[in-house]
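J.: Next come a sequence and a model predicted from it.
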Amino acid sequence: MRLGDACTKIGSGATSRGGKDTYKSAGIPLIRSQNVLDYSFAAAGLAFIDDQQAQLLSNVAVQENDVLINITGDSVARVCMAPADCVPARVNQHVAIVRASAQKADPYYLLYSLQFLKPHLLSIGSSGGTRNALTKQMLENLDINLPPLPAQIEIGRTLRALDDKIANNAKINHHLAVRSGTDSSPDIRRGRRVSRVVASPSFSRPFAKIVSMKVSTASVN
């Protein structure tokens, strides 16, 4: 299925007139590409705008369970979930909102699907221009494997549980390494959660296997 057919919204925002000089010390968050990491959201460096600026970007107000994807530059195709405590944030022109249709797609399944397809996204994003970029049309036309909704939800839940376990193990290893004086994990010290897509080239195999198993089970039921 086309990603566009599984979503109610795919779109990016804009930078407030005047650029970073107009950012505020507090207010409504403006999510930029530096805030979107692979599977994790970095609050460090989060910009803020006032109500009037936000009104001009009302068409890209972030909702809970929105998937965020970087669409330009060296960080193109990085993807994460929008944090609930940032709602109703706005996104600038370097970040797109991918909002799942509640009747067709599970947002976490879409998140993992986009990570699974990252090599393809990087490939199409680097063609036809001097700067890496994913257009709205590219995202809308992206072909994704979309099993029945109950299977999607279970797949998303399973992969989230695996990621939580990996993150907890990484924290334990970090604390042990700190105590022994052998720590060499800057990503963990900074509180970053490293995606299996980045950390493990073999991520695609378990993802595909889980999808296949859940789809087969759904078909039998």
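T.: Perfect, thanks for sending it. Everything numeric in this text was worked out from a predicted model, so none of it was measured. Residues are numbered from 1 along each chain as shown.

J.: What does the pLDDT read for residue 189?
T.: You'll see residue 189 listed with a pLDDT of 38.

J.: Could you do residue 85 as well?
T.: 92.

J.: That one belongs to a strand?
T.: No - using DSSP: H, G, I helix; E, B strand; the rest coil, the secondary structure at residue 85 is helix, not a strand.

J.: what sits up against the helix or strand hosting residue 69?
T.: In the assignment (DSSP states H and E), residue 69 maps to strand 67-70. With C-beta atoms under 8 Å, 6 or more residues apart in numbering as the contact definition, strand 67-70 has outside contacts at 31, 33, 36, 41, 62, 76-82, 91, 94-100, 107, 110-111, 114, 134, 139. Glycine gets a C-beta too; all of them are placed from N, C-alpha and C.

J.: Report the spatially closest residue to residue 135, excluding sequence-adjacent ones.
T.: Leaving aside its chain neighbours, residue 135 sits nearest to residue 71 (7.5 Å; criterion: C-beta to C-beta, 6 or more residues apart in numbering).

J.: domain assignment for the protein?
T.: If you go by automatic domain parsing, the domain ranges for the chain are 3-102+125-140, 149-220.

J.: Out of those domains, which gets the lowest mean score?
T.: domain 149-220 (a mean of 66).

J.: Run me through the strand neighbours of the strand holding residue 69, direction for each.
T.: Neighbouring strands of strand 67-70 in its sheet, by DSSP bridges, are strand 79-81 (antiparallel), strand 95-100 (antiparallel).

J.: Not counting the last one itself, show me its contacts.
T.: Outside strand 95-100, the residues that touch it by C-beta under 8 Å, 6+ apart are 3, 6-13, 31-33, 35-36, 60, 62-63, 65-71, 82, 91, 106-107, 110, 114, 134, 136, 139.

J.: Just the buried positions in it, please.
T.: Residues of strand 95-100 classed as buried by neighbour count (16 or more other C-beta atoms under 10 Å): 95, 96, 97, 98, 99, 100.
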